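> could you work out the structure for the sequence below:
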Amino acid sequence: MKVCIVGGVAGGATAAARLRRLSEDAEIIIFERTAHVSYANCGLPYYIGGEIAEKDELTLHTPESFKKWFSIEVRTENEVTAVNPETKTLEVKNLKDGTVYIETYDKLILSPGAKAALPKAFGLDCRNIFTVRTVEDALFLRSFIEEKNPASAVIVGGGFIGLETAENLVRAGIQTTILLRGKQVMPSLDFDMASGLHPYLREMGVSLLFNESLEGFSEEDGRLLIHRKDREPLSADMVILAAGVVPDTGLAEKAGLLLGSKGSILVNDFLQTSNPDIYAVGDAVTIRNRVSGKDALISLAGPANRQGRWAADNIMGRMRPYRGAAAVSVMKLFDMTAASAGLNETACRDAEIRFDKVIVHAPSHASYYPGAKSMTLKVLFSPTDGRILGAQAVGFDGVDKRIDVLATAIQAGLRAADLEELDLAYAPPYSSAKDPVNLAGYVIENVRQGLVVQFHHDMISKIAEMKDAVFLDIRTPAEYAAGHIKGSVNISFFELRRRIGELDSSKRYFVICQSGLRSYMACRILKEHGFVCSHLSGGYQFYSYVYCKNCYSPDACMCIRGE
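Numbering: from 1, shown residues only. Coordinates of the predicted model:
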């Protein structure tokens, strides 16, 4: 059997190696249009900033090592320009000398990946505008920085590549601004969780400009002008376009293969395209979201690698269905970590899935052991059966551990009650006896069982209009003075039992503390005394990040802040 593979990065390289392990007889050829194969896309920003020192560290294999290890032929700088399913042939252009030749195949795997999404803007051909998608991009960009010593940069887009590149440029001493069309970075997170990243990024030296409409670029006195609608142009020495990616499926479209969402390649459960002898894997294919069951584009290295392995198995007759991905991701932002798994609120609404949510603030390890730092967990769940639908986490230590546990829970179909019962590793330097994942399960089950009613930050303005509503802030007077919700009444939690007679049983009390713990306990006290109450999920700490520290909609912020 002769198997040709178009694209030699995550999916294609994995498929090739798996094919060889399953068959010593197969003839395997990889076509890669760049000069590098089996390279680490995710490491490119760290090479640009010098965190990864040598370019050779970006490549896991070379054509020579593929030949030596696997007896696989890799043709770099060879671009497949056409696929002819009727004759099972490929038209290939050798980019080194310009010659064109025909190659045959029995089975074909398309792993073309994705390409940088370019904004609809004028002046994209100006000098010193870069993308970060291939090794060549990274080499060129690092060479430019070392030779030209730019003082300033504007990055268009705030996803994974944009944020990681921003961190590395700042560490290299370059004044860096991120230009965003929306109101947040990292779109895999809900806005309220992303809000915790914004002040930290600014603190680390990254300028953030939200709700910007990019019009184009021009050059003036050796510098780039970034033109924005209804605003003065920005000036910078360089621009990096990092506004996401789009499936690179021109080859599949020309071959007459069926396409799906955003032009991605449609595949069945066995990763076959509409032509059964042609398989497709990686960023270019439509897969199933394992939580919602809906078609999805999930451009991540983990799913691409697994798809390559599955496709190889299926070509060799193992018939292994690919069940999709849960969109699990993690990102380093200086010393902070942000991660997510499963569905966020937008994805739940798009899939018409009913959900509720909890916010938990917890230490990364036992608070009495030195170095504990707080993390914020947001967990989405089904209100009917408690099934975990999605999770997001932002913090400094231990975020990756918790998101992996929650990702496993999501894919296993676990419920909140199962989170309560999870037996997780504990020692003071690593966790608490009540792990943050356990705590999330406790909070969800308290809500589901009616032990407490919660309200969320986006409900506060409407609650304030209710005639019988009272915001009861049970923090200390010092905490209250530092910042509180307008019109709230302050009775410290430690005085609540003594002063409970001051409360009016005809009113509805909306209880606020700093993190949500004291307000939960206060609601239990009030409920036992016959009061109607609910508590603020995530507490004032979470509310202040979403509104006070972002100030996109000052009218929506109801804070009175101390000096």
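
> which stretches of this structure aren't confidently modelled?
549-563 (pLDDT under 70).

> nearest residue to the middle of it?
Centroid check for the chain by CA atoms, centre = their mean gives Ser188 as the closest residue, at 4.1 Å.

> tell me how far the closest residue to it other than its chain neighbours lies from Val132.
Excluding the flanking residues, the one nearest Ser188 by CB to CB, 6 or more residues apart in numbering is Ser340, at 4.8 Å. Heads up, the C-betas are built off the backbone N, CA and C, glycines and all. Between Ser340 and Val132 the computed distance is 22 Å (CB to CB, to the nearest Å).

> those two: which is more packed in?
Looking at Ser340 and Val132 with other CB atoms under 10 Å, you find the greater number of neighbours at Ser340, namely 26 against 23.

> so which elements touch the helix or strand where that one lies?
Secondary-structure assignment from DSSP states H and E places Ser340 in strand 336-342. Strand 336-342 is packed against helix 197-203, strand 329-333, strand 388-395, helix 399-411, with contacts defined by 3 or more CB pairs under 8 Å, 6 or more residues apart in numbering; DSSP states H and E.

> okay, and the beta partners of the residue nearest to Val291 when sequence neighbours are not counted?
By the measure of CB to CB, 6+ apart, the closest residue to Val291 outside its immediate chain neighbours is Gly342, 4.7 Å from it. As for beta bridges, Gly342 partners with Gly390 under DSSP bridges.

> next, count neighbours for Gly342.
As a burial measure, the neighbour count of Gly342 was computed by other CB under 10 Å and equals 26.

> which residue ranges of the stretch 151-300 of the chain form strands?
In chain order, the stretch 151-300 of the chain shows strands spanning 152-156, 175-179, 206-209, 214-220, 223-228, 231-236, 238-241, 245-247, 265-266, 278-280, 285-288, 295-296, with DSSP state E, counting those that start in this stretch as the criterion.

> need the contact list for the nearest residue to Leu22 once chain neighbours are set aside.
With sequence-adjacent residues excluded and distances taken as CB to CB, 6+ apart, Leu22 is closest to Met316, at 4.5 Å. Contact analysis of Met316 by CB atoms under 8 Å, 6 or more residues apart in numbering lists Leu19, Leu22, Ser23.

> surely the second one meets Ala312?
Yes: between Leu22 and Ala312 there is a contact at 6.4 Å, judged by CB atoms under 8 Å.

> look at the two and report which has more neighbours.
Between Leu22 and Ala312, counted using other CB under 10 Å, the more crowded position is Ala312 (30 against 14).

> just to be sure, the more buried one is in a strand?
No: under DSSP: H, G, I helix; E, B strand; the rest coil, Ala312 sits outside any strand and is assigned helix.

> tell me the one of the contacts of Met316 nearest Lys486?
Leu19 (64.9 Å; CB to CB).

> and the closest one, what does it touch?
Contacts of Leu19 were listed using CB under 8 Å, 6+ apart, and they are Val3, Ala26, Ile28, Ala312, Ile315, Met316.

> mind doing that once more with 6 Å?
The contact partners of Leu19, taken as CB atoms under 6 Å, 6 or more residues apart in numbering, are Val3, Ala26, Ile28, Ala312.

> ditto for Pro150
Listed by CB under 6 Å, 6+ apart, the contact partners of Pro150 are Ile174, Asp237, Met238.

> which one of the residues you listed sits closest to Tyr322?
Minimum distance to Tyr322 across those is 40.0 Å, recorded for Met238 (CB to CB).

> quick one on the thing from earlier: which of the contacts of Met316 fall in helices?
Residues from the contacts of Met316 lying in helices, with DSSP state H as the criterion: Leu19, Leu22.

> which SSE is Ala82 in?
Ala82 belongs to strand 78-84 when assigned by DSSP H and E.

> dump the strands of the stretch 151-300 of the chain into a markdown table; add mean neighbour count and distance to Gly450 as well.
Formatted as a markdown table, those follow (neighbours: other CB atoms under 10 Å; distance: least, CB to CB, whole Å):
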| stretch | mean neighbour count | distance to Gly450 |
| --- | --- | --- |
| strand 152-156 | 23 | 47 |
| strand 175-179 | 22 | 44 |
| strand 206-209 | 18 | 41 |
| strand 214-220 | 16 | 49 |
| strand 223-228 | 19 | 50 |
| strand 231-236 | 15 | 50 |
| strand 238-241 | 25 | 51 |
| strand 245-247 | 21 | 45 |
| strand 265-266 | 22 | 45 |
| strand 278-280 | 28 | 49 |
| strand 285-288 | 22 | 35 |
| strand 295-296 | 18 | 35 |
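
> next, count neighbours for Ala407.
Going by other CB under 10 Å, the residues that sit close to Ala407 add up to 22.

> please name the nearest non-neighbouring residue to it.
The shortest distance from Ala407 to any residue other than its chain neighbours is 3.8 Å, reached at Ala341 (CB to CB, 6+ apart).

> same thing with Asp237?
Counting by CB to CB, 6+ apart, Pro150 is the residue found nearest to Asp237 once chain neighbours are left out, at 3.5 Å.

> which residue sits farthest out from the middle of this protein?
If you look at how far each residue of the chain sits from its centre, by CA atoms, centre = their mean, the farthest one is Gly501, at 48.4 Å.

> tell me the contacts of His456?
Applying CB under 6 Å, 6+ apart, one finds that His456 lies in contact with Ser537.

> same deal with Lys107?
When contacts are counted by CB under 6 Å, 6+ apart, Lys107 is found next to Val3, Asp277, Ile315.

> show me what it is bridged to.
Note on Lys107: beta-bridge partners Val3, judged by DSSP bridges.

> let me know the distance separating it from Ala311.
Remark: distance between Lys107 and Ala311 (CB to CB) = 9 Å.

> and the helices in the stretch 251-400 of the chain?
With DSSP state H, counting those that start in this stretch, the ranges of helices along the stretch 251-400 of the chain come out as 301-315, 345-350, 399-411.

> which of these sits most buried?
Of all the helices of the stretch 251-400 of the chain, helix 301-315 has the most neighbours on average by mean count of other CB atoms under 10 Å, namely a mean of 23.

> which strands or helices does it pack on?
Where contact means 3 or more CB pairs under 6 Å, 6 or more residues apart in numbering; DSSP states H and E, helix 301-315 is packed against helix 10-22.

> buried stuff in the helix it packs on?
When neighbours are counted by 16 or more other CB atoms under 10 Å, the buried residues of helix 10-22 are found to be Ala10, Gly11, Gly12, Ala13, Thr14, Ala15, Ala16, Ala17, Arg18, Leu19, Arg20.
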